[in-house]
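Asks: quick one: sequence plus predicted model below, questions after.
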Amino acid sequence: MSGPLAFRLAAAGFALLAILVAALQARRPAPSAPAAAPIQAPRPVDAQLARCQTLGAAGAQDPQCLKAWDEARARFLGAPKAER
């Protein structure tokens, strides 16, 4: 087999392979969109945390902020209700 003929056969094989892969991809079903998470009303502790965030460094001495951060930490870390 001569060089140019082998090159043409390899190029044609590559083109056929690319067409086959494209046809198989076109037959795959499109992924469905993920379901939207239900919108929940903000918890009172979240409003308190937002207030504490606006206080800045002064929030570290505010008893309401310390309590809100403790509740948020327990909720986030999944502490058992008996420990709260």
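Replies: Sure thing, it's come through.
Asks: just how off-centre is stretch 66-73 within its chain?
Replies: Remark: stretch 66-73 is offset 26 Å from the chain centroid, using C-alpha atoms, centre = their mean, to the nearest Å.
Asks: buried ones in that stretch?
Replies: A68, W69, E71, A72 (16 or more other C-beta atoms under 10 Å). For every residue, glycine as well, the C-beta is placed using N, CA and C.
Asks: so where's the chain shaky on pLDDT?
Replies: 1, 42, 80-84 (pLDDT under 70).
Asks: coming back round to it: can you lay out the buried residues of stretch 66-73 as JSON lines showing secondary structure and distance to P4?
Replies: As requested, these are exported to JSON lines (DSSP: H, G, I helix; E, B strand; the rest coil; distance: C-beta to C-beta, whole Å):
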{"residue": "A68", "secondary structure": "helix", "distance to P4": "78"}
{"residue": "W69", "secondary structure": "helix", "distance to P4": "75"}
{"residue": "E71", "secondary structure": "helix", "distance to P4": "77"}
{"residue": "A72", "secondary structure": "helix", "distance to P4": "72"}
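Asks: may I ask which two of those are separated the most?
Replies: W69 and E71 (7.4 Å; C-beta to C-beta).
Asks: how would you label the most centrally placed residue in the chain: helix, strand or coil?
Replies: Nearest residue to the geometric centre of the chain (C-alpha atoms, centre = their mean): P34, 11.1 Å. Counting by DSSP: H, G, I helix; E, B strand; the rest coil, the backbone at P34 sits in coil.
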